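>>> Fold the stuff below for me.
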Amino acid sequence: MTRLIAGLLGLALITLCLLRFAVLPYYDNKLNAVLVSKSTPIAAAIGALHDNAFVADMHADSLLWGRDLRQQHRRGQVDLPRLRTGGVDLQVFSVVTRVPRGLNYDANPADSDSLPILFVAAWRAPATWFDPQQRALAQAQELAALAADDELIRVLRKADLATAGLKGLLALEGMHALGGRADALDELFAAGYRMMGLAHFSDNEVAGSAHGIDQHGLTELGRALVPRLETLGITIDLAHASPAAFAQTLALARKPVVVSHGGVKGTCPGPRNLTDDQLRGIARNDGVVGIGYWKGAVCETSLAAIIRAILYVVEVAGIDHVGLGSDFDGAISAPFDTTGLPQITTALVAAGLPEPDISKILGANLRRVLGTNLPD
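Purely as a prediction, here's the structure:
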């Protein structure tokens, strides 16, 4: 019996090691691919413009994969050394807590969860394996640990935006982590969350998803949470929200909202890309749309497609309402990793935009919204 137990424990250890050091890196590398790994030279004047701008990316799922973000990696799309190389001042670190099995863009049931194996493989605590709220709290602690090591500054209040150095803001991708409980919001706020999406790839107790089965609007809980989020200083993110939830939230909101990552139907038709009416609604709200870099957002994985979508938002919604929303490390292929952001600056200069407008797109628009919403 002793030998049997020892053998089973040994097998479990071998399995955990294989998951941590072979399976997880393989899928991280495969799902978060960089299509062009070679850096592109940047003109000195454009490099200076990029360096002098406040550069902010509105959405990266880098915490999910269990990488040590203090170290530069050859896999994935974001870590702290690469953020610094890319001239990034603020990275919004989004936290995924539930992903349905058989993920698709059209209709996902809310009764399945593909994340347990990933949390086991990352050697996270057993409490996180099946509990979305514990997953949210664990990833918040990981970002706080980076800040404690002086690797970055956590943005928790307005004054943090003006602090020199690389900054990170914690965002929740869908309110699945609340478990239908309004009081869970306070615990997540205390853990450092300052941006929250209503839904992710399935409907939940707060709102319908653009990829859900029912795709309903705000629930009674969702309607109650909108003013509560604004009072706390949490920016509402309408990425992935169903059309009904999107419209109802804009009708209730008294502070600017964001769509942290996505595309527009005007350059790329798709079930979660925004209509012109939705873009104008964001503009009336004084919010910001973050343009993503992946095929589903911009229809081709290229710099040119990203710029087309950005310029379209400028045309429809105005220069004050567009920003960068990569979705780096969100199981997407991107044309570059975060070190490639100066390429966007180069392309915006080539498109003829003046420097003040380019600075707004690179991050000043998001800084304005956060400066309005964050707690004092």
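>>> use CA for all of it now, contacts and neighbours both
OK.
>>> spatially speaking, which residue is in the middle of the protein?
His59 (2.5 Å; Cα atoms, centre = their mean).
>>> element containing that residue, please.
Assigned by DSSP states H and E, His59 falls within strand 56-60.
>>> Give me the distance from the following helix or strand past that strand to the chain's centre.
Sequence-wise, the next helix or strand downstream of strand 56-60 (DSSP H and E) is helix 80-85. Centroid separation for helix 80-85 versus its chain: 17 Å, with Cα atoms, centre = their mean, to the nearest Å.
>>> What mean pLDDT does helix 80-85 get?
Averaging pLDDT along helix 80-85 gives 97.
>>> Just the buried residues of that helix, please?
By 16 or more other Cα atoms under 10 Å, the buried positions in helix 80-85 come out as Leu80, Pro81, Arg82, Leu83.
>>> Adding distance to Arg135, write the residues you listed out as TSV.
Formatted as TSV, the buried residues of helix 80-85 follow (distance: Cα to Cα, whole Å):
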residue	distance to Arg135
Leu80	22
Pro81	25
Arg82	25
Leu83	24
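>>> how far away is the closest residue to Pro335 other than its chain neighbours from Asp276?
Once flanking residues are discounted, Pro335 sits nearest to Leu35: 5.0 Å by Cα to Cα, 6 or more residues apart in numbering. Here Leu35 is placed at a distance of 30 Å from Asp276 (Cα to Cα, to the nearest Å).
>>> Then Glu230?
25 Å.
>>> Helix or strand for Gly323, just tell me which one.
Counting by DSSP H and E, Gly323 is part of strand 322-324.
>>> Now do the buried residues in the helix or strand just after that strand.
Next in sequence after strand 322-324, counting helices and strands by DSSP H and E, comes helix 341-350. For helix 341-350, a neighbour-count test (16+ other Cα under 10 Å) marks Leu341, Pro342, Gln343, Ile344, Thr345, Thr346, Ala347, Leu348, Val349 as buried.
>>> Hmm, the fourth one is touching Leu303, no?
Yes - applying Cα atoms under 8 Å, one finds Ile344 in contact with Leu303, separated by 7.1 Å.
>>> what packs against the host helix or strand of Pro356?
Following DSSP H and E, one finds Pro356 within helix 355-359. For helix 355-359, the packing partners by 3 or more Cα pairs under 8 Å, 6 or more residues apart in numbering; DSSP states H and E come out as helix 341-350.
>>> Packing partners of the helix it packs on?
Partner elements for helix 341-350 (3+ Cα pairs under 8 Å, 6+ apart): helix 44-52, helix 303-317, helix 355-359.
>>> okay, now Ala33: neighbour count?
22 (other Cα atoms under 10 Å).
>>> ok, it to Arg75 distance?
Relative to Arg75, and taking Cα to Cα, Ala33 is found at 8 Å.
>>> still on that earlier bit, go through the strand holding Gly323 and flag the buried ones.
For strand 322-324, by 16+ other Cα under 10 Å, it's Val322, Gly323, Leu324.
>>> Touching it from outside, list them.
The contact list for strand 322-324 (Cα atoms under 8 Å, 6 or more residues apart in numbering) reads 56-58, 261, 288-292, 310, 313-314, 360-363, 365-366.
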